[in-house]
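Trainee: Make a model of this:
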Amino acid sequence: MGSEATPSAATDRLTIVFVSHGGERSGAPIVLTRMFEQALKEGEEAFLVFRYNEEWAEACQKKYGSKRVYILPGKPPRLLPNGVKPLRKLFDLLRLWSLFKRIKPQVVVANTLLNTTAVMAGLLVGSRVAVWAHESPGAISDPWGMRSFWIKRAHLGLGVSQGICSYLQEMGMDPSKIRLLHHGVDVEKERSKSALRPRIGGSHPKRLVLGALAVWSPRKRLDLVLETAYALARSGYFEDIRLDIGGPPDALHPRLFQETLDRFPKRLEPLTLRFMGTIVDRDSFYRELDALLMTSDKEALPTVVLEALVREIPVFSFKDLAGVQEIMGEAALQAEERKGAALADAILRFFLAPTFPRDWEEWVKKARARISLFSLDRQWHTLKGYLREGA
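Mentor: All right, here's what the predicted structure looks like:
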């Protein structure tokens with residue numbers, strides 16, 4: 001797992017270990033990696049640990065080296081037989097405990113409520129432990145109460161949204177330990193490298209490029225994305241519509257992609273569908289879009305919405321997605337009814353409004369104001385303050 005790291009001798013520096021899963025299906029590891037990078041930039045002694053090996057983990061280790069980024073090889077526990085999972089978790093606990101003993105972190109930050117082993121290992125070596133929870137309420141089952149037992153013993157519970165903070169309290173965590181910590185994006189960097197595409201001019205658009213970015217799992221409801229695109233195609237208002245869907249299949253639901261496509265016509269003019277799989281170059285993906293669609297059943301604080309917002313791409317979603325509303329505020333573009341036709345109507349009202357493009361310009365002003373609240377620098381300093389509490 002690499003050679004022993006020497007903790008910083010400077011008293012004002014933190015030795016932090018960020019612990020994540022591998023990152024094949026979620027934005028949470030991306031968020032944690034950004035905080036790790038910001039910690040290094042600010043001169044902290046930071047390390048990043050992935051509990052299993054995936055493409056994102058390998059890319060991070062290649063960039064920062066095996067003495068800074070550690071990978072615990074093996075399949076994700078969720079893909080293992082039920083009888084094997086307890087043994088795997090025990091093995092992971094021993095590996096994390098051994099690694100933490102060598103690094104001697106002052107603070108362990110474990111993303112998601114699934115990293116109970118990281119919480120246990122951090123407590124065993126005497127580190128201050130913060131659980132940074134990203135799951136939407138109700139997403140985590142805990143039939144024997146073991147996860148709740150260990151989560152309650154963490155020193156801090158960080159929720160990415162108001163809903164997650166409430167969920168931590170429902171799990172039994174002392175409210176005095178719970179803090180709100182949103183995701184963060186490097187606003188200037190993201191804007192500059194994305195090379196914002198020229199925006200729609202003074203007339204209503206005749207062509208529209210829509211996008212969605214999510215793993216093909218039942219909870220992400222990509223069928224509603226397709227429903228929306230087909231409803232727009234049937235509306236007759238656009239000469240050309242393209243829908244780009246990026247994201248890998250869910251290993252637990254490998255047939256979902258084909259089963260979803262089988263529900264829709266093979267062709268419908270003027271609609272073009274592009275299924276792009278895992279998106280490595282997110283900048284190129286976003287650069288093409290006129291709008292992003294977010295149709296999940298539940299989202300805590302979706303990273304893709306922040307990434308679209310910083311690029312001034314309108315995000316259309318449903319009003320029951322509180323996490324999207326928490327990001328967008330007055331810039332939210334949400335449909336009342338959870339149907340593709342309702343989302344298509346919201347898109348039509350925006351792009352075909354009599355006051356377009358003035359409405360567009362007003363939306364951009366709101367988007368710029370909202371994204372400033374989620375700057376990476378701001379969120380990092382909030383996190384650092386939380387981690388120093390009681391230290």
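Trainee: How many neighbouring residues does the nearest residue to residue 152 once chain neighbours are set aside have?
Mentor: Using C-beta to C-beta, 6 or more residues apart in numbering and skipping the chain neighbours, the partner closest in space to residue 152 is residue 172 (4.9 Å). C-betas here are computed from N, CA, C, even on glycine. Counted with other C-beta atoms under 10 Å, residues neighbouring residue 172 total 11.
Trainee: which ones are touching residue 172?
Mentor: Listed by C-beta atoms under 8 Å, 6 or more residues apart in numbering, the contact set of residue 172 reads 148, 151, 152.
Trainee: most surrounded residue in those?
Mentor: The most neighbours of any of these, using other C-beta under 10 Å, belong to residue 151, which has 23 neighbours.
Trainee: Roughly how far does it sit from residue 120?
Mentor: As judged by C-beta to C-beta, to the nearest Å, residue 151 and residue 120 stand 10 Å apart.
Trainee: Doesn't residue 285 belong to a helix?
Mentor: Yes - counting by DSSP: H, G, I helix; E, B strand; the rest coil, residue 285 is part of a helix.
Trainee: That one contacts residue 278, doesn't it?
Mentor: No - using C-beta atoms under 8 Å, residue 285 makes no contact with residue 278, being 10.7 Å away.
Trainee: which of the two has more neighbours?
Mentor: Taking neighbours as other C-beta under 10 Å, residue 285 and residue 278 compare with residue 285 leading, 19 against 12.
Trainee: So which elements touch the lengthiest helix in the chain?
Mentor: In the chain, taking DSSP state H as the definition, the longest helix is helix 85-103. Judged by 3 or more C-beta pairs under 8 Å, 6 or more residues apart in numbering; DSSP states H and E, helix 85-103 is in contact with strand 15-20, strand 45-50, helix 116-124.
Trainee: Any chance of JSON lines for these, columns distance to residue 99 and mean neighbour count?
Mentor: As requested, the helices and strands packed on helix 85-103 are exported to JSON lines (distance: least, C-beta to C-beta, whole Å; neighbours: other C-beta atoms under 10 Å):
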{"stretch": "strand 15-20", "distance to residue 99": "8", "mean neighbour count": "26"}
{"stretch": "strand 45-50", "distance to residue 99": "7", "mean neighbour count": "25"}
{"stretch": "helix 116-124", "distance to residue 99": "8", "mean neighbour count": "23"}
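Trainee: CA-only coordinates of the helix-or-strand element of the chain with minimal mean pLDDT in CSV, if you can.
Mentor: Lowest mean confidence among the helices and strands of the chain (mean pLDDT, DSSP states H and E): helix 187-194, at a mean of 74. C-alpha atoms of helix 187-194 as CSV (Å, rounded to 0.1, in the frame of the first residue of the first chain):
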residue,chain,number,x,y,z
VAL,A,187,-15.9,28.2,-10.3
GLU,A,188,-13.2,30.1,-12.2
LYS,A,189,-11.4,26.9,-13.2
GLU,A,190,-14.5,25.1,-14.4
ARG,A,191,-15.7,28.1,-16.4
SER,A,192,-12.3,28.6,-18.1
LYS,A,193,-11.6,25.1,-19.1
SER,A,194,-15.1,24.4,-20.3
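Trainee: what packs against that helix?
Mentor: helix 282-287, helix 303-310.
Trainee: which outside residues touch it?
Mentor: 283, 286, 287, 307, 310, 311, 371, 372, 374, 375, 376.
Trainee: Just the pLDDT at the nearest residue to the last one once chain neighbours are set aside, thanks.
Mentor: What that stands for is residue 376. Once flanking residues are discounted, residue 376 sits nearest to residue 184: 3.6 Å by C-beta to C-beta, 6+ apart. Listed pLDDT for residue 184 reads 89.
Trainee: Same question for residue 200.
Mentor: 57.
Trainee: contacting residues around the residue nearest in space to the middle of the chain?
Mentor: Nearest to the mean C-alpha position of the chain, by C-alpha atoms, centre = their mean, lies residue 27 at 2.8 Å. The contact partners of residue 27, by C-beta under 8 Å, 6+ apart, come to 134, 183, 302, 303, 304.
Trainee: For the closest residue to residue 279 other than its chain neighbours, give its distance to residue 124.
Mentor: Computed as C-beta to C-beta, 6+ apart, the closest residue to residue 279 that is not its neighbour in sequence is residue 246, at 3.8 Å. Using C-beta to C-beta, residue 246 is found at 40 Å from residue 124.
Trainee: most distant residue from the middle of the protein?
Mentor: Computed with C-alpha atoms, centre = their mean, the most peripheral residue in the chain is residue 354, at 35.3 Å.
Trainee: Need the phi and psi values for residue 130.
Mentor: Residue 130 has phi and psi values of phi -120, psi 130 when expressed as degrees, to the nearest 10.
Trainee: For the stretch 251-391 of the chain, which residues score under the pLDDT cut-off?
Mentor: By pLDDT under 70, the low-scoring segments of the stretch 251-391 of the chain are 390-391.
Trainee: Now do the helices in it.
Mentor: 256-261, 282-287, 303-310, 322-328, 340-351, 358-371, 376-388 (DSSP state H, counting those that start in this stretch).
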